[in-house]
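Trainee: Following is a predicted model, sequence given first.
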Amino acid sequence: MRKLIIILFSIMLIIVGCSSEANLNSNGSEDNLVYVSFYPLYFLADEIGGDHIDLRMVVPNGVESHEYEPSMQQLKDIEKAQLFIYNGAGFESWADKVVGNIIEEDRTINASESVHLIMEDNNPDPHIWLSPQNMIKIGETIKDRLVLMDAANKDEYERNFNELASRLMELDNKYFEELKDKSKDSIIVSHAAFTYLADRYGFEQIPVAGISPEQEPSSKTIADLIEIVKNDNHEYILLETLASPKTVQVIAEETNLQVLTLNPIEGLTEEDITNGEDYITIMEKNLENLKKALVMK
């Protein structure tokens, strides 16, 4: 199966490489066409770039990001982008094949290069966007690149970034303030997506699954978690959106834990979109559930 995927990707590269568009610039890009890999980067680029960029996203909302593969049409569109922004740190399995083959590296931003990476089992944890401070750093990198692309709108990009950075700093301060009196120092989570959140605000995540939600926990892992819950007097287990609740429900039923949502914000659900949610409002909802799990009265 892996060989088949590599062969198909190679065919896509050939087809994409042979495509031509009359309205491309000399470097093969379209003015102000910006592609991002997934939602958190879309949020930053949209807030900073506004109406001055033609912004598109590879991973559709409501789709689990870790295993997504772009379509042939998306690859052709990425080739024409003036800027392609991706998370890096191994999050998008397809991005390393795209950068340098479909789009030149100097037309890309690897967001993980803007922040300090936390290592887990000798690999970088890619969930960098779950720290508001990291989002500010990545946002500044995006702002600087947009200014280079479109100097005529520099003042607006600067203004938009400063307003966004202020909102993200307020969010960061709110987390510190509302979690400062926590009585517990760990949470049980469905998968290990919250390393940067935990590191920033001083608690530990105890995951059911590993870095990827597709990693199924062993029976020993489940038994160990049940023992931890009983010994540490946990009351909640936090289940992420877009993940299968099966194993979490088994542990919850075995230990009488209540299930809360902790959203890794890899993409918006249809309900999120209908309700006008964005990165900041979802992070505020995450904070409410973290307070329940950590600030126990």
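Mentor: Thanks, I have the structure now.
Trainee: mind checking which helix or strand Asn231 is in?
Mentor: Assigned by DSSP states H and E, Asn231 belongs to helix 219-232.
Trainee: low-confidence ranges in the stretch 151-297 of the chain?
Mentor: 209-216, 241-245, 297 (pLDDT under 70).
Trainee: Neighbours of Leu55, how many?
Mentor: 19 (other CB atoms under 10 Å). Any C-beta I mention is one placed from the backbone N, CA and C, and that applies to glycine too.
Trainee: try the one 3 residues further on
Mentor: Neighbouring residues of Val58 were enumerated by other CB under 10 Å; the total is 26.
Trainee: Quick check, pLDDT for the residue nearest to Glu30 when sequence neighbours are not counted.
Mentor: If the residues on either side of it in the chain are set aside, Glu30 comes closest to Lys80, at 4.9 Å by CB to CB, 6 or more residues apart in numbering. With respect to pLDDT, Lys80 has a value of 96.
Trainee: shouldn't Lys80 be in contact with Asp31?
Mentor: No: Lys80 is beyond contact range of Asp31, at 10.2 Å (criterion: CB atoms under 8 Å).
Trainee: Give me the more crowded residue out of the two.
Mentor: Neighbours per residue (other CB under 10 Å) separate Lys80 from Asp31, with Lys80 holding more: 19 against 12.
Trainee: domains of this protein?
Mentor: Domain ranges of the chain: 11-173, 181-294, per automatic domain parsing.
Trainee: and Val248, what element?
Mentor: Val248 belongs to helix 246-255, assigned by DSSP H and E.
Trainee: How many neighbouring residues does Glu92 have?
Mentor: Neighbour number of Glu92 under other CB under 10 Å is 23.
Trainee: For it, what is the enclosing helix or strand?
Mentor: Per DSSP H and E, there is no helix or strand for Glu92.
Trainee: confidence score at it?
Mentor: 94.
Trainee: residues contacting the residue nearest the centre of the chain?
Mentor: Among the residues of the chain, the one closest to the centroid is Glu266, at 4.4 Å (CA atoms, centre = their mean). Glu266 makes contact with Phe38, Tyr39, Pro40, Val59, Glu64, Ser65, His66, Leu242, according to CB atoms under 8 Å, 6 or more residues apart in numbering.
Trainee: List the buried residues for the helix holding Asn231?
Mentor: For helix 219-232, a neighbour-count test (16 or more other CB atoms under 10 Å) marks Thr221, Ile222, Leu225, Val229 as buried.
Trainee: And the second one, how far from Ile251?
Mentor: As judged by CB to CB, to the nearest Å, Ile222 and Ile251 stand 6 Å apart.
Trainee: Can you pull the residues that touch both of these two?
Mentor: Common neighbours of Ile222 and Ile251 (CB under 8 Å, 6+ apart) are Val208.
Trainee: related to what we said a few turns ago, nearest to Asn289 among the contacts of Glu266?
Mentor: Closest approach to Asn289 among those (CB to CB): Leu242, at 16.1 Å.
Trainee: What segments of the protein are strands?
Mentor: Counting by DSSP state E, the chain has strands at residues 33-36, 54-57, 83-86, 108-110, 119-120, 123-124, 186-191, 204-209, 236-239, 258-261.
Trainee: quick one: which of the ones you listed is nearest Asn289?
Mentor: That would be, of the strands of the chain and by CB to CB, strand 258-261, which comes in at 4.3 Å.
Trainee: what packs against the closest one?
Mentor: Other elements packing on strand 258-261 under the criterion 3 or more CB pairs under 8 Å, 6 or more residues apart in numbering; DSSP states H and E are strand 236-239, helix 246-255, helix 279-294.
Trainee: residues in contact with Val147?
Mentor: So Val147 contacts Lys154, Tyr157, Glu158 (CB under 8 Å, 6+ apart).
Trainee: Buried members of those into PyMOL, please.
Mentor: Buried subset of the contacts of Val147, written as a PyMOL selection, criterion 16+ other CB under 10 Å:
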select buried, resi 157
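Trainee: what packs against the helix holding Val248?
Mentor: strand 186-191, strand 204-209, helix 219-232, strand 236-239, strand 258-261.
Trainee: these two touch, right, Ala192 and Asp125?
Mentor: Yes: assessed by CB under 8 Å, Ala192 is found in contact with Asp125 at 7.5 Å.
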